[in-house]
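Novice: With the input below, show me the fold.
(one chain, ligands or ions: 1)
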Amino acid sequence: MQALAKAELTNDPLERNKHLTFVVVGAGPTGVELAGAIGEMSRFTLSKDFRHIDSKQARIILIEAGSRILPMFSEQLSSRVMRDLDQLGVQAWMNSRVSEVSENGVETSGETISASTPLWAAGIKASPLGRESNISCDRVGRIEVEKDLSLESHSEVFVAGDQCRFADEQGRALPSVAPVAVQQGKHFAKMIRADLDDKPRSDFEYHDKGQMATIGRSRAIAETGKLKLTGFSAWMAWLLVHIYFLTGFRNRLFVIISWAWSFLTFRRGARLILNKDWESFSANDNQKDQAA
Ligand SMILES: Cc1cc2nc3c(=O)[nH]c(=O)nc-3n(C[C@H](O)[C@H](O)[C@H](O)COP(=O)(O)OP(=O)(O)OC[C@H]3O[C@@H](n4cnc5c(N)ncnc54)[C@H](O)[C@@H]3O)c2cc1C
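Specialist: Residues are numbered from 1 along each chain as shown. Next comes the predicted model:
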């Protein structure tokens, strides 16, 4: 919203283009959802809010180092998402590796994209706690654990979730997603109980129930076993799953009503920009206007 408001206020065409360019780095589920949401906002939700700019002209570039978006989904779903993103005005650049992100924009494979809003969706680092404790960690700082989720050097210490590197039978690390964290949390609670009851510990096993990603306001993809859903039906499945996992009837009801309201009205609540950077930006702009 700040970028669009800055584009609205400036008279410099190069500055305006910079503010109207959004670069999302990484085309996993987070990057795809983010790019789709910006496409939806600029094309529909905010399109009538500005007088000097056409927010539909916003350029949204999704950059991916690999050869296709959503590599964890099947190729069929990945190409369907490419089409959906295209309809929302998102350009997907494959085989492009971002080498630098600065306040001027993003550098990729010898090209500089002038953009005031670069968004990083190419993965996170774990908390430095593991490295600081001199425990064996992987490249992104996740702590390597034994099969029961305990530390090799301290069997009374367990690690779960994004902080944990657990290798599956093929030696691949489990992804840093909520279902892994939830299942690991439950597992180590069981292990603590087993210790208290003097029973043997068991190995952790991850049950992958499938994966989903949304694209804009009414499209998604979902894959569980051989079942593949796309479009509106996948989006409905996404809504149901997310509402089901909320705790308490009151929360579920509140979220259903609030989502239904946003969906039907295209409204996104109060659109207020409340931070110090913005105060100084708009103050400078007012001074320029007065001087002019
Ligand atoms: C943008 C984004 C989108 C995502 N979308 C999805 C999705 O759609 N589906 C999905 O399954 N997963 C998604 N994930 C991943 C998911 O959020 C994580 O895998 C999950 O939250 C991991 O749970 P956790 O409990 O291990 O860590 P967290 O949920 O990160 O909780 C860790 C907590 O520990 C606190 N903490 C950190 N260091 C310390 C310290 N030294 N002392 C005390 N407290 C500390 C943190 O503040 C935090 O509250 C997404 C992640 C991101 C960043």
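
Novice: Grab the nearest non-local neighbour of Leu129.
Specialist: Nearest residue to Leu129 in three dimensions, chain neighbours excluded: Gln163, at 7.1 Å (C-beta to C-beta, 6 or more residues apart in numbering). (C-beta placed from N, C-alpha, C; glycine too.)

Novice: before we move on, what about Pro128?
Specialist: Gly141 (6.3 Å).

Novice: swap in Asp195?
Specialist: Arg201 (7.3 Å).

Novice: Check Asp168 too.
Specialist: Nearest to Asp168 is Leu174, by C-beta to C-beta, 6+ apart, at 6.2 Å.

Novice: measure the one you found to the ligand for me?
Specialist: Using C-beta to the nearest ligand atom, to the nearest Å, Leu174 is found at 10 Å from the ligand.

Novice: and that residue, how many neighbours does it have?
Specialist: 19 (other C-beta atoms under 10 Å).

Novice: Ok, Asp198 next?
Specialist: The burial count for Asp198: 6, using other C-beta under 10 Å.

Novice: That one sits in which helix or strand?
Specialist: If you go by DSSP states H and E, Asp198 is not part of any helix or strand.

Novice: Mind pulling up the pLDDT for it?
Specialist: Here, the pLDDT recorded for Asp198 equals 97.

Novice: rewinding a little: isn't the residue nearest to Asp168 up against Ala160?
Specialist: No. Applying C-beta atoms under 8 Å as the test, Leu174 and Ala160 come out as separate, 10.6 Å apart.

Novice: For the stretch 51-200 of the chain, which residue gets nearest to the ligand?
Specialist: Distances between the stretch 51-200 of the chain and the ligand by C-beta to the nearest ligand atom are smallest at Gly161, namely 2.0 Å.

Novice: interface residues of the chain facing the ligand?
Specialist: Of all the residues in the chain, those in contact range of the ligand (C-beta under 6 Å from any ligand atom) are 29-30, 124, 127, 129, 161-163, 176-179, 181.
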